[in-house]
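# Build me a model:
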Amino acid sequence: MAVGFVTSILAHEGGHIIAALAVGGHPSFGFNKLRPTIYSGIDASLHPTKQFIFSSAGLTVQSLLDEAILDAPHRGGSAFERGLLAGGIGTALFYITLGRNGAVSDVAYMAQSSKLSKDQVSLIYGGIALLHAVRIHGKAKYAHFFTAPSDLGGVKVGMRIDGDLGH
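Here you go, the predicted structure:
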């Protein structure tokens, strides 16, 4: 499950890099308060639309990845797949709560480079994450998405009861 979660985060960051290159930016890596950060290399005051594309790419890639997993007909439900889905939903939840006001926040940059407010951006991506969570809840292959009862009366995290998928 952890590998799927990390893969989702890497897809998010890859989305930023590809978007920056696609709009003529020069992405670079750095740190903001010890947090690894990808910078677009775009002057947001001169090219707000390009900055918006860059800033929205990470969450959009994760949302599209989650959507593809939820829509593609397949057996599904493995720990890796659950990690991918958890990464997409978790990242959206982070950015619409704690991460929305950071100095290099995707949500803050989307609001600054568009006519949308932080609340509107948060509602868009939070709404998508909520819909994904509802869809996961309604699918039998994701029963016990994150946890399952243990034989010892506790809780197993990241496991399935039936033992078929995703140990």
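
# Run through the residues that contact the one residue sitting closest to the centre of the chain.
Nearest to the geometric centre of the chain sits residue 88, at 2.9 Å (Cα atoms, centre = their mean). By Cβ atoms under 8 Å, 6 or more residues apart in numbering, the contact set of residue 88 is 8, 62-63, 65-66, 129, 132. (Glycine included, C-beta is placed from N, CA and C.)

# can I get the residues you listed in TSV with secondary structure, distance to residue 139 and pLDDT?
Listed next are those as TSV, based on DSSP: H, G, I helix; E, B strand; the rest coil; distance: Cβ to Cβ, whole Å; pLDDT from 0 to 100:
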residue	secondary structure	distance to residue 139	pLDDT
8	helix	18	98
62	helix	19	98
63	helix	17	98
65	helix	16	97
66	helix	13	97
129	helix	16	97
132	helix	11	95
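
# Secondary structure element for the residue nearest to the centre of the chain, which one?
Using DSSP states H and E, residue 88 sits within helix 79-96.

# Can you show me the CA trace of that helix as CSV?
Presented in CSV, the C-alpha positions along helix 79-96 are these (Å, rounded to 0.1, in the frame of the first residue of the first chain):
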residue,chain,number,x,y,z
ALA,A,79,-2.8,-3.0,-1.8
PHE,A,80,-0.9,-1.1,-4.5
GLU,A,81,-4.1,0.1,-6.0
ARG,A,82,-5.5,1.1,-2.7
GLY,A,83,-2.3,3.0,-2.0
LEU,A,84,-2.7,4.9,-5.3
LEU,A,85,-6.3,5.8,-4.4
ALA,A,86,-5.3,6.8,-0.9
GLY,A,87,-2.5,9.0,-2.2
GLY,A,88,-4.9,10.8,-4.5
ILE,A,89,-7.5,11.4,-1.9
GLY,A,90,-5.0,12.1,0.8
THR,A,91,-3.1,14.7,-1.2
ALA,A,92,-6.4,16.5,-2.1
LEU,A,93,-7.4,16.5,1.6
PHE,A,94,-4.0,17.9,2.5
TYR,A,95,-4.2,20.7,-0.1
ILE,A,96,-7.7,21.7,0.8
